[in-house]
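Engineer: Structural data only, the sequence is not supplied:
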C-alpha cells in the first residue's frame, strides 16, 4: 500500500524518514475515529485519538499493536510496540514529517489547513463525510502536476478525507466527540527504550 502509517513509522525510525503529517497547532475538540486507508482493493484501518494535547494512532490487534503517539505541546513523537513494551522517539523522523507536510503531496489527513503546500487550490463546495459537513477542495501542484482532493471539516479544523486519481484514499470514519485524557499522549508506565516492529 502507498502510505500505511505503521510501515512508514518503522521506516522513519530506521532511516530518519518522514511519518504522516502532524496536526500542528490543533485547537479543535477531542474525538476518536477510525482511520481507513485504501489502495485499490487493499485496506488498512487504525484508531485515532485526537485532542489539543496530542494525537495517538493504534494499528493491529490488542496486545500486539504498534502505537504512534505525538505530544502536540512538546512536539515530541514516539512509536510504541505494545507486545515488547518498548518505544522509540521519532526525533529526526518527526522533523522530516514537518518538512514533508509542507510539500504538495497526499498524506495530509488530519492537517489543520486544506491544500497545505499546494499552489493550485480550488474550493468546490460542500459534501457530507462520516455524517459531518465538509468543504471539498481540489489541490494541485503546478511543478509536479500532482493532484489530491480533500474534504476539510471546519468544526474539527482538520482534513478528514483525501483521495488521489490513482485509487488511493484515506479518511476518518465513526467520528465520536470524546474528551481525551492528557495521559493518552504520553509513554505508558512500564515501557522502555528498545526495538519496535516485527
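Structural biologist: It's in. The structure presented is a predicted model; accordingly, all values stated were derived computationally and were not measured. Residues are numbered from 1 along each chain as shown.
Engineer: Only C-alpha atoms from now on, for both contacts and neighbour counts.
Structural biologist: Noted.
Engineer: where along this structure do the strands fall?
Structural biologist: Along the chain, the stretches classed as strands by DSSP state E are 31-39, 42-50, 54-59, 66-71, 76-81, 86-89, 120-129, 132-140, 147-153, 158-163, 168-177, 192-193.
Engineer: Using JSON lines, lay out those together with distance to residue 111, mean pLDDT and mean neighbour count.
Structural biologist: As requested, these are arranged in JSON lines below (distance: least, C-alpha to C-alpha, whole Å; pLDDT from 0 to 100; neighbours: other C-alpha atoms under 10 Å):
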{"stretch": "strand 31-39", "distance to residue 111": "14", "mean pLDDT": "95", "mean neighbour count": "20"}
{"stretch": "strand 42-50", "distance to residue 111": "12", "mean pLDDT": "94", "mean neighbour count": "19"}
{"stretch": "strand 54-59", "distance to residue 111": "12", "mean pLDDT": "94", "mean neighbour count": "24"}
{"stretch": "strand 66-71", "distance to residue 111": "14", "mean pLDDT": "93", "mean neighbour count": "24"}
{"stretch": "strand 76-81", "distance to residue 111": "16", "mean pLDDT": "94", "mean neighbour count": "24"}
{"stretch": "strand 86-89", "distance to residue 111": "22", "mean pLDDT": "95", "mean neighbour count": "20"}
{"stretch": "strand 120-129", "distance to residue 111": "15", "mean pLDDT": "96", "mean neighbour count": "14"}
{"stretch": "strand 132-140", "distance to residue 111": "13", "mean pLDDT": "96", "mean neighbour count": "20"}
{"stretch": "strand 147-153", "distance to residue 111": "9", "mean pLDDT": "95", "mean neighbour count": "25"}
{"stretch": "strand 158-163", "distance to residue 111": "5", "mean pLDDT": "95", "mean neighbour count": "25"}
{"stretch": "strand 168-177", "distance to residue 111": "12", "mean pLDDT": "96", "mean neighbour count": "19"}
{"stretch": "strand 192-193", "distance to residue 111": "29", "mean pLDDT": "96", "mean neighbour count": "13"}
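Engineer: I'd like a version of these in a markdown table, one that adds distance to residue 184 as further columns.
Structural biologist: Formatted as a markdown table, the strands of the chain follow (distance: least, C-alpha to C-alpha, whole Å):
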| stretch | distance to residue 184 |
| --- | --- |
| strand 31-39 | 12 |
| strand 42-50 | 8 |
| strand 54-59 | 7 |
| strand 66-71 | 8 |
| strand 76-81 | 12 |
| strand 86-89 | 15 |
| strand 120-129 | 26 |
| strand 132-140 | 25 |
| strand 147-153 | 24 |
| strand 158-163 | 20 |
| strand 168-177 | 15 |
| strand 192-193 | 17 |
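Engineer: what about these, which gets the closest to residue 112?
Structural biologist: Residue 112 sits nearest to strand 158-163 of all the strands of the chain, at 4.6 Å, using C-alpha to C-alpha.
Engineer: Now do that closest one and strand 147-153, the angle between them.
Structural biologist: Per axes from the mean of the first three to the mean of the last three C-alpha atoms, to 10 degrees, the angle that strand 158-163 makes with strand 147-153 is 150 degrees.
Engineer: Fine by me, thanks again.
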